[in-house]
Structure formats: structure tokens, C-alpha cells
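A.B. asks: Pasting a predicted model and its sequence here:
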Amino acid sequence: MFDAVRNNKRVVQIILLLMVLPFAFFGVESYMNRDSAREDAAVVGKMKIVPEEFQQALREQTDRLREMAGEEFDPKMMETPEARTQVLEGLVSQRLLMQEAQRQHLTVSDGRMSQIIAGVPGFQVDGKFSEARFDQVAQAQGYSRDGLLARIRQDLVMRQLYAGVAGSSFVPPSLARRWAQMQQEEREVSEAIITPFEFIEQIKITPEQIRKYYDDNQKEFAVPEQVKVEYLMLSEATLAAKMDIAEEEVRKAFESNQSKYMQGEERKARHILLGVKQGATPEERKAVKDKAEALLKQLKANPAKFGELAKANSDDPGSKDNGGDLGFFGRGTMVKPFEEVAFSLKKGEISGLVETDFGYHIIQLEDVRGGQGKTLEQARAEITDELKKQAARRRFAELAETFSNTVYEQADSLAPAAEKLGLQVKTSPLIPKGMLMPAPFDSVKLRDAIFAEDAIKNRRNTQAVETAPNTLVSARVIEQIPPSIKPFESVQADIEKKLGFEAGRKLALERGESSLTKLRAGEEAPLVWSPPQDVSRAQAQGPAAVMVKAIFNAPANKLPAYLGFPMDNGGYAIFRISAVKQPEEALDPARVQAIKAQLEQTVSQDDFASYITALRKDYPVKINQKLLEAPKQP
Amino acid sequence: MAALDLEEQEQLSAIKSWWNQWGNAITWLVIAVSAVIIGQQGWNWYQRDQSVKASGIYDVLQEAALGGDLKKTREAAAELTEHFPGTQYAALGALLSAKVHAENNDTQTARAQLEWVKDKASEDVVRDLARLRLAYVLIEEQKFDDAAKLLDGKAEASLEARFLEARGDLHLMRDQRDEARTAYQAALTRIDESIKAGGDAARIAQQGIRSVVEIKLDAVGGKQ
């Protein structure tokens, strides 16, 4: 029986052993398969970018920009789809590179890793690599030690790829020279401007034309419907002003909330920490405690030696060398037991042993600043305000219903509600439909209500509308002006001016274009030319950018060359390019070098972008377009 | 055996005859599957091992290239291409070495290294990148016909515009303005097509090279 097994015992054993082995290698990929039910920002090959990561990257980019732009920073810059795309693309590229690096087995040897990590100042204490510091950094960034190592390795590997693909771009010297010449090319240009005002005398606008414009463009002269209302407002803010707060209440509030009026206190302390390892045995703990007690005794005998003893004994690397000095700190910075003691000591006093998760501390209070609690008199205004607000909130809740009901039940006047609630009826200015007005008429709900048919025709109170948090308004139309068209007489002059300008613009354009044709055909044109001026590409900035660009875009194989532009102010500009100046041998080598470096950078960036684009064929990229749209304004 | 009753005896003999018929086949199948898996793991392990070694040499090469040590760069690149030709490091190293040599007027070495990458690299895009750079080295050596030949033929889609631009550069260096203009114009059109197809992402990625091509086009007469 089982001949094959018996005869091949050894073979079978080996097979069984080996069959177990591959499983040790599988399962590595499974960390990539996460919950797929939610919407990802993007999927790149087998990897996902979750929305949180995208948001985080957006925040980081915003911070970077803010740092760079300083006060000119406009947060709107990051809200355009383009800016958001740029950030997401960055993450996508990273994922592409990660997967490609993995497929190509790119890696960094352990030896090289330690060499690099040891050289990072952030992992060093006193210029030497510190394992403890490394763990601290890892923890602060939310990684395990191995996690941070893997992260660094990944980063290094991507840099290897970047160096090989993009860092190896170059621009050959002769081409660079040629490019520098192009960059420094100058063109000699004169300009001639035709303004619309040159034609003022020949332009005659007839009354018929004005009338016709008025008739054809009625919309332009429309005046919207307008209403005037009287209104009643019940708001927490106005109620608050009317609230009376008894002296007794203020005193009570002050006494029960004293800590609130004591905030902002900071204390300066030194400490000596005798560390207890996590998971230490009770014996080990006891040993540390004994040592701490001995130290405490020494200190009590000679408090002046605190700094010296801290330097010699403390296990806190951050403060040890400063004699245990922690500087000023407020509440909420230190672990609880430490804080309690530090904030209960008197100046100069030395604490007993304080036990925290770190071990045993001995604390000496050095100084106290800020936070001298306010007296009742100083806090009175603040407290009264707060109490008034609270009372008003309660009162508002009580009155809101009465308000709503009364304006509804007695809908042909606001007076009953005003009387009942002790409010005043106010009258609004004329409110044009569809135009912004100050509060409370900035509320769309209220405006819809006052322009509703029922409100205008029957002059009924609108229902109570919440125009702002804890603010109710009811309004009643008292006057209405229906929509109209501005009378002809009042706009006649404006129309004449406008038509005149339009005609001038048209004549300027005509003269400009016909002159251009003549000039290009080699004929004369009656124009006034400015003296010639040298223009370079570097001047393509600001409002002149479009024109400078056009001047360099113009074919200059036949000189003089001409080009024309209609201008925003109604005029027409003609440029004459009379010479193209190539700086032949006069190129400054340093300048050439700088221009070359710039070109090299562009080429290198494009090399890398092309490489990444090609990777997209191997690792399909799916972008969640919804996340790229500009965030909605509230 | 005597303890087995008739039914069990029967089952046993059924299993026996089944095993007699299929046992060998199953054993071999298991061996074969295991061999494939082990082979694959072994291959992966071998590749990883090669990569670790190559990675170390690549580090040396990078440092030498940065420090401008031509000889050391060249030697490291040679070691990679000779002993670790299957790793990505060989291609990356050769590209880096080619750059420093081209910049220090040793176009011959640069040419040889780019040729190696063009022929031996495992990915299309890397091979085409090497081909493009090789063409520029040839332009620098004024071997215009060779460069033109190299630029013929299909290139990786994301590099097509760059190949057209290189063709324009070639004509520019030969003072053939009209041909240069045609090529630059084609490059610009190609870039604009891909921006149209790729939206914001493509525009951001290509704005740099687009303005370079635009300026070159202007310099030889601009759009027609």
C-alpha cells in the first residue's frame, strides 16, 4: 500500500516541507486589499488613495504655499480644480513609482540604510545617532520603528528612480548656446495708436438712433419691482440688552466659575526624572523609587544643588543638560499628575516624589507668570454679558411661539404683536427685487416672503421667518412700485455717449486694419510712430505680456513686420518691428550657464513626467473627479 | 487486519486500487506544482539578491557622478551593465553616467552607454528616453543624418512631442529654418492634443516644455 510514498519517502518529506514554505511569502500583498466599499480619491494599479490622505496632502500644500507667499497668500488659490488636481497627481505619481520600484525589485541595502539614517540630524542627539530619538520621531509621526524604516526605504528607492530617470537629463552645449541666443533675442519696435476720440467730429448720432437703441434694449433700462415694508424683529441680541441681572446672580456666577477667570497662568519649573521602563517589575520600580527618595533627601537639604543633580541624574534627555529646566508651560501641556503638582507648588518649593507613566519626578517651581485671577469687578462686565445672553436665550425660546402665532393670527397688522411683546415696528427703505440689501433683508427666505403675491396683494403679514440664528422677522408690505422701464428722457444722454463711443471704436478698428493691410503691402499709412524701442522676451510680464508675446510670435523673416491689436479702451495699436537683434558672440558665459540650467530643469521635469505617464499604462489610474471640484461655498 | 470487517476491507481495497491507478500521477503533479512555486520564489529571491548588490553599486555611481568623478562613474556603470544587466539599476546607472560624460565632452562614452540602454533596457519608455538623448549626443557631434535616423520610427506616446522637438532642434542646428518650424509646430500640436485629452493634469505636467517649444517655434518664424 502507498507504494509511491514508501518508495519515495525522502522525496515526499521534502515536498511536504517545501509546500509549507511558499505560504510564508504569500500574504505579503494582502495589506493592500482594504475595505473597498467607500469612495477612494484615486485608485492606482493595486493601491488606493483614501480621501483623508488627499485632504491631508491639500492641507500640507496649503501650508507650504502660505509660508512661501506670506501675507499675499489667498486660500482660494487651493480651491481651484487645477490646484487640487496638482496635489492629487502628486500622490498618484508617488503610488506609480512605489509599485514600479517594487516590480523592479529596487531596494536599499541595510548597511546603506543605517549609514543614511545615522546622518539625519533629526535622529541625532548631541551629533550622534540615537535609537531612542529615532523611536520618538517614529512615534510622533504615528509609525512603529519598522514602519518608519520601511517608509524611509521607500523614499530612498523613489529617489533612486528619480535620479536615474530625471537627474540624468542633459542639454548638449551647442544647443544650450543656441537656446540662450533665442532667449536673449531683442526686437526693435515702434508703435502707433489710433484712439476712438480722433473720430468724434465725424460721428453724428441722430435722435432716431438713440430712440432705436432704447427700444431695442429695453432690458438694459428695466427697473425691478420695489416694495417698502414695515417689520417686526424678535432677536436674542435685542432681548439681551433689555435683561436685568441681579447683583446676587453675578456674584454667584463668579464664585462658581473662578477657574475660568484664572486662565492663562504659566509656570516655570525644573524637574529630575528617574525613568521606569514600561513593563518594569515591582522590584525594579521599587529600586528606582528608593533612588529617587535618596535624591529628594539630598535636595531638601540643599535646594541650590537642583540643577547640578538634575544634570547628573535625570533621565529626561530634553531638559537634563539645562539642569532640568522645562521653561514656562501652561495647563494641559504636561501629564496630569505632573501638572497638578506643578500648579500647586509655591515659588522655589520642591515637591515630593511625583509618579507618572514616565517614572518618578522631583519638581521645583521656579516662577509663575500671567493668570493672576481677575477680581469680581474686573470680571463683572464679562459675567453680566454672559448671564444676559443666557437669559435672553431662554426668553427668546418663550417668546418665539407667541411671536409666530400673533403675526399669523392677526395678519393685517403688526401692531398687536408689537404690543404683546413690547417690540417696535420699523419701516424699511425701498427694497428692489433681486438686489442685495443689509440685514435682515439679506435673508433669501424673507425676501421671497415679501415679494410673494399674498404679501403684496393682500398686504398681509409674512409668516415669522428666521433670518439669522435666533432672530425672527415678520414683515408687511406698505408700498409697492411695480417693475418699470426707465423713461427715455432720463437715459437719452447716456445712450448717446455710448453709441458715440461704439462708433469711434468701430472707426478706429477700421482705420487700424486698413492701415495694417497697406503697411504690409509696402504702402504708406498716415500714422504717428513712437521712437523705436528694444523689446525682449523678459518684458513679457504684466498687462503688456500679451503684446510682447505677440511681438515675438510675429514672423520676422521679412522686415519691417507689422501687427495690430484692438485695445480695451476702444483704441487700436499697430506695432512695427524694424529689426531683430541676435546677441551673437556677446553672450555672457554666466548668463548662458543660468539659462542652460533652467532649460535642463524643464527637460528633466518633462522626462520624468513622460516616464510617469508611461507607467500609467502598466498601472491603470482611476481618479475620483468629484473630489477635484472646488469645494462648495456655504 | 483481521479486526476490519468486510465493508472496511472493501473500502480499503477501493482506495488501494485508486491509489495504484492515480498515485504516481498525483505525486508527480504535486512535485511539478511545488517545483514551479519554488522556482518562482527562487527566481524572486535571486532577483532581489541581485538588486541589493546592484543597488550598492548604483549608490557609488550616484555619488561619483555628483562629485564629477568620471572614471569612477564609468567603472560603476560598466560593472552594472556587465554583471547586473537584468536589473533596473544597470539602465539607471548608464543613463546617469551618459549625462556626466556628455556634459564633459566625452560624447563617445555617452554614446556607448545610451546605446546600451536603448537596446537592453526592459521598458519601452526607458529605451526611448535613451534613444532621444542619444540623438542629442549625435546632434552635438554634428552627425545629423545618424541623429535623424534615430529619431525616425515610433516612440512611446508620452515622448512623441519630445521626438518632434528634437527633430526641430536638429534642423535648427543645421540652419534649416523652415524644416525646424514644421517640426516645432508639429511638436506643439502634439502637446496641445495631449493637454486636450488629459485635462488639468496634462496641462500642469506639460506647461514647462510647452513654453520651451513655443519659444523655439517663435524663434524660427512662429506659427504660420
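C.D. replies: That came through fine. Numbering: from 1, shown residues only, chains lettered A, B, ... in the order given.
A.B. asks: pLDDT score assigned to residue 9?
C.D. replies: Assuming you mean chain A. A:K9 is assigned a predicted lDDT (pLDDT) of 61.
A.B. asks: oops, chain B please
C.D. replies: For B:Q9, pLDDT reads 86.
A.B. asks: Might you calculate how far the longest helix anywhere in chain B sits from the centre of the chain?
C.D. replies: Taking DSSP state H as the assignment, the helix of chain B that covers the most residues is helix B:6-66. The chain centre lies 29 Å from the centre of helix B:6-66; the measure is C-alpha atoms, centre = their mean, to the nearest Å.
A.B. asks: Tell me how many other residues surround the residue of chain B found nearest chain A.
C.D. replies: Here chain B gets closest to chain A at one residue, B:L92, 2.7 Å apart by C-beta to the nearest C-beta. (C-beta placed from N, C-alpha, C; glycine too.) When counting by other C-beta atoms under 10 Å in any protein chain shown, one arrives at 29 neighbours for B:L92.
A.B. asks: same question, B:A76
C.D. replies: 25.
A.B. asks: and the angle from the helix or strand hosting it to helix B:6-66?
C.D. replies: Following DSSP states H and E, one finds B:A76 within helix B:70-83. Between helix B:70-83 and helix B:6-66, the angle comes out at 160 degrees (axes from the mean of the first three to the mean of the last three C-alpha atoms, to 10 degrees).
A.B. asks: touching chain A at all, helix B:70-83?
C.D. replies: No - taking C-beta under 8 Å from any C-beta of the partner chain as the criterion, helix B:70-83 and chain A are apart, separated by no less than 10.8 Å.
A.B. asks: How about stretch B:124-136?
C.D. replies: Yes - Stretch B:124-136 is in contact with chain A by C-beta under 8 Å from any C-beta, via B:124-126, B:129, B:133, B:136.
A.B. asks: residues in contact with that stretch?
C.D. replies: Identification of contacts with stretch B:124-136 by C-beta atoms under 8 Å, 6 or more residues apart in numbering or on different chains yields A:165, A:168-172, A:175, A:607, A:610-611, A:614-615, B:91, B:94-95, B:98, B:102, B:111, B:114-115, B:117-119, B:121, B:147, B:150-151, B:155-156, B:158-159, B:162-163, B:166, B:169-170.
A.B. asks: where does the chain have low pLDDT?
C.D. replies: With no chain named, the answer covers chain A. Low-confidence regions of chain A, defined by pLDDT under 70, span residues A:1-38, A:70-72, A:75, A:258-264, A:332, A:371-373, A:540-543, A:557, A:583-587, A:630-634.
A.B. asks: Actually, chain B is the one I wanted.
C.D. replies: B:1-4, B:224.
A.B. asks: got the domain boundaries for it?
C.D. replies: Chain B breaks down by automatic domain parsing into domains covering B:28-122, B:153-224.
A.B. asks: I'd like those as a markdown table, with distance to A:N322 appended.
C.D. replies: Shown next, in a markdown table, are these (distance: least, C-beta to C-beta, whole Å):
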| stretch | distance to A:N322 |
| --- | --- |
| domain B:28-122 | 39 |
| domain B:153-224 | 48 |
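A.B. asks: Quick one: closest of the ones you listed to A:A397.
C.D. replies: domain B:153-224 (50.1 Å; C-beta to C-beta).
A.B. asks: so A:K289 touches A:V354, yeah?
C.D. replies: No - between A:K289 and A:V354 there is no contact under C-beta atoms under 8 Å: 11.5 Å.
A.B. asks: Find residues that contact each of those two.
C.D. replies: A:Y360.
A.B. asks: who has more neighbours, those two?
C.D. replies: A:V354 (20 against 16).
A.B. asks: my guess is the more buried one is in a strand, correct?
C.D. replies: Yes - using DSSP: H, G, I helix; E, B strand; the rest coil, the assignment for A:V354 is a strand.
A.B. asks: so it sits right up against A:I363, yeah?
C.D. replies: Yes - assessed by C-beta under 8 Å, A:V354 is found in contact with A:I363 at 6.1 Å.
A.B. asks: which neighbours do the two share?
C.D. replies: Common neighbours of A:V354 and A:I363, using C-beta under 8 Å, 6+ apart, are A:338, A:341.
A.B. asks: could you say which helix or strand contains A:D315?
C.D. replies: Applying DSSP H and E, one finds A:D315 in no helix or strand.
A.B. asks: Next: A:R251.
C.D. replies: Judged by DSSP H and E, A:R251 forms part of helix A:247-256.
A.B. asks: quick one, phi/psi of the residue in the stretch 251-400 of chain A positioned nearest to chain B?
C.D. replies: Proximity of the stretch 251-400 of chain A to chain B (C-beta to the nearest C-beta) peaks at A:P317, 32.0 Å away. Dihedral pair for A:P317: phi -60, psi -30, per degrees, to the nearest 10.
A.B. asks: pretty sure it contacts A:Q124?
C.D. replies: No - using C-beta under 8 Å, A:P317 makes no contact with A:Q124, being 11.6 Å away.
A.B. asks: So for these two, which residues contact both of them?
C.D. replies: By C-beta under 8 Å, 6+ apart, the residues touching both A:P317 and A:Q124 are A:130, A:133.
A.B. asks: how about the helices in the stretch 251-400 of chain A?
C.D. replies: A:282-301, A:306-313, A:336-342, A:376-409 (DSSP state H, counting those that start in this stretch).
A.B. asks: Name the SS class of B:L134, please.
C.D. replies: On the basis of three-state DSSP, B:L134 is classed as helix.
A.B. asks: Kindly tell me how buried it is, as a neighbour count.
C.D. replies: With other C-beta under 10 Å as criterion, B:L134 counts 24.
A.B. asks: again with the one 10 residues further on
C.D. replies: B:F144 is flanked by 16 other residues according to other C-beta under 10 Å.
A.B. asks: residues touching it, list them.
C.D. replies: B:F144 makes contact with B:138, B:170, B:173-174 under the criterion C-beta under 8 Å, 6+ apart.
A.B. asks: Right, I'll call it a day here.
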